[in-house]
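Q: sequence-free structure coming up:
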């Protein structure tokens, strides 16, 4: 088995595949890439048993074959080389590997490709195709709201709901919730749902390119994500997602419209003076005026700022975790935001101000209040 390839092209593909290799895997073979050459195409696979990445690269090969290659030493070698043609050769025994560059030769030991885990088969799948930027946007908007609590397994991933002509992404950690919906060009013959794990979504976000389209194929155990010449196979989170619609308040008569950047900047300053355990800030809202305040009684710290706003509804005083609000305002991209409120003990809803019900893209963020002490 022998092939020649550009070192920089080779490195780019290996870096994509390396996302599925954990630092301390349970099996030594999981430290390897699996190389498979057929008809001058090199298929590179990697896995951590939860996520598998498969990507392809055109090479000049004299014959086909398979070999498992230690990932770290190969990556480190290629990173240290300037861009140049290199030759990769496996000896007759099928275990010794020789890499040849303009500078010299590098030898390393390969592993038996038969030891590499089987990739899950694509069986009984439904599928949907969408623009890659939609998937990337959905991940960016929702991933931060997932939970890290393994006791709430369902909340550690993003819930994906495919419903004929729309796709919905939901994430929550019980303190905040994000719902991102997209409807343009979505066409599915079925309605279904699944939970994608956080780590797999992070990998997808890092390697998907906005120019491509993405095909999502899914069954009861895995989702297969295809874009360009790369495929990712992710094991789904096996849990029942909570009824997120039940926690979204429907009647929100109090509407606050305010500059997103001004609101976020003020919160960042006020949060410095908040209690470090609760991060509580108090919003005192009246017609045309928002007062943001915080105090930390343990250290006698307090701060107050006043912002102009547009408000319709009853005057209200409500407490929130400043960290959550700052994070959400950083994800939103509009100049102004609308904060929908009902009562001081019910969740508030943050949305972009220019969003309408007819838009193909719809984003809703919910944040639970922090109960105010007397």
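A: Happy to help now that I have it. Being a predicted model, the structure only gives us computed values, none of them experimental. Numbers count the residues shown, from 1 in each chain.
Q: drop to CA atoms for contacts and neighbour counts, all remaining ones
A: Fine.
Q: For the nearest residue to residue 280 once chain neighbours are set aside, list the residues it contacts.
A: Leaving aside its chain neighbours, residue 280 sits nearest to residue 321 (4.7 Å; criterion: C-alpha to C-alpha, 6 or more residues apart in numbering). Residues near residue 321 by C-alpha atoms under 8 Å, 6 or more residues apart in numbering: 278, 279, 280, 281, 369, 370.
Q: separation between residue 321 and residue 315?
A: 20 Å (C-alpha to C-alpha, to the nearest Å).
Q: Any idea how far stretch 130-141 is from the middle of the chain?
A: 9 Å (C-alpha atoms, centre = their mean, to the nearest Å).
Q: ok, residues contacting that stretch?
A: For stretch 130-141, using C-alpha under 8 Å, 6+ apart, the contacting residues are 169, 178, 180, 182, 185-186, 201-202, 204-205, 208-215, 227, 331-332.
Q: cool, stretch 309-316 as well?
A: By C-alpha under 8 Å, 6+ apart, stretch 309-316 touches 253-259, 283-290, 343-344.
Q: And for stretch 248-263?
A: Contacts of stretch 248-263 (C-alpha under 8 Å, 6+ apart): 307-314, 329, 334-342, 346-347, 353, 366.
Q: How far off centre is it?
A: With C-alpha atoms, centre = their mean, you get 26 Å for stretch 248-263.
Q: my guess is residue 329 is in a strand, correct?
A: No - the assignment for residue 329, made by DSSP: H, G, I helix; E, B strand; the rest coil, is helix rather than a strand.
Q: List the buried residues for stretch 8-23?
A: 8, 10, 11, 13, 14, 16, 17, 18, 19, 20, 21 (16 or more other C-alpha atoms under 10 Å).
Q: Report the distance from it to the chain centre.
A: 18 Å.
Q: residues making contact with it?
A: 30-33, 44-48, 51-57, 71, 75, 78-79, 82-84, 203, 207.
Q: same question for that stretch, mean pLDDT?
A: Mean per-residue pLDDT for stretch 8-23: 95.
Q: Quick check: buried residues in stretch 293-309?
A: Neighbour-count burial for stretch 293-309 [16+ other C-alpha under 10 Å]: 293, 294, 295, 296, 302, 303, 308, 309.
Q: ok, which pair from those residues is furthest apart?
A: 296 and 309 (26.2 Å; C-alpha to C-alpha).
Q: would a markdown table of the contacts of residue 321 with secondary structure be doable?
A: Output for the contacts of residue 321, formatted as a markdown table (three-state DSSP):
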| residue | secondary structure |
| --- | --- |
| 278 | coil |
| 279 | coil |
| 280 | strand |
| 281 | strand |
| 369 | coil |
| 370 | coil |
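Q: Now, of those residues, which are buried?
A: 279, 280, 281, 369, 370.
Q: quick check, nearest of these to residue 67?
A: For the buried ones among the contacts of residue 321, the closest approach to residue 67 (C-alpha to C-alpha) belongs to residue 279, at 53.2 Å.
Q: what's the closest non-adjacent residue to the closest one?
A: Here the residue nearest residue 279, using C-alpha to C-alpha, 6+ apart, is residue 321, at 5.1 Å.
Q: and that neighbour, how far is that from residue 137?
A: Distance from residue 321 to residue 137, by C-alpha to C-alpha: 25 Å.
Q: Kindly report the same for residue 323.
A: Distance, residue 323 to residue 137, using C-alpha to C-alpha: 22 Å.
Q: same thing with residue 368?
A: In terms of C-alpha to C-alpha, residue 368 sits 24 Å off from residue 137.
Q: which one of those two has more residues nearby?
A: When neighbours are counted by other C-alpha atoms under 10 Å, residue 368 and residue 137 differ, and residue 368 comes out ahead with 20 against 13.
Q: my guess is that one meets residue 348, correct?
A: Yes - with contact defined as C-alpha atoms under 8 Å, residue 368 counts as touching residue 348 (6.5 Å).
Q: Dump the buried residues of stretch 293-309 into TSV; add secondary structure and pLDDT as well.
A: Compiled in TSV, the buried residues of stretch 293-309 are given as follows (DSSP: H, G, I helix; E, B strand; the rest coil; pLDDT from 0 to 100):
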residue	secondary structure	pLDDT
293	strand	97
294	strand	96
295	strand	94
296	strand	93
302	strand	95
303	strand	97
308	strand	96
309	coil	96
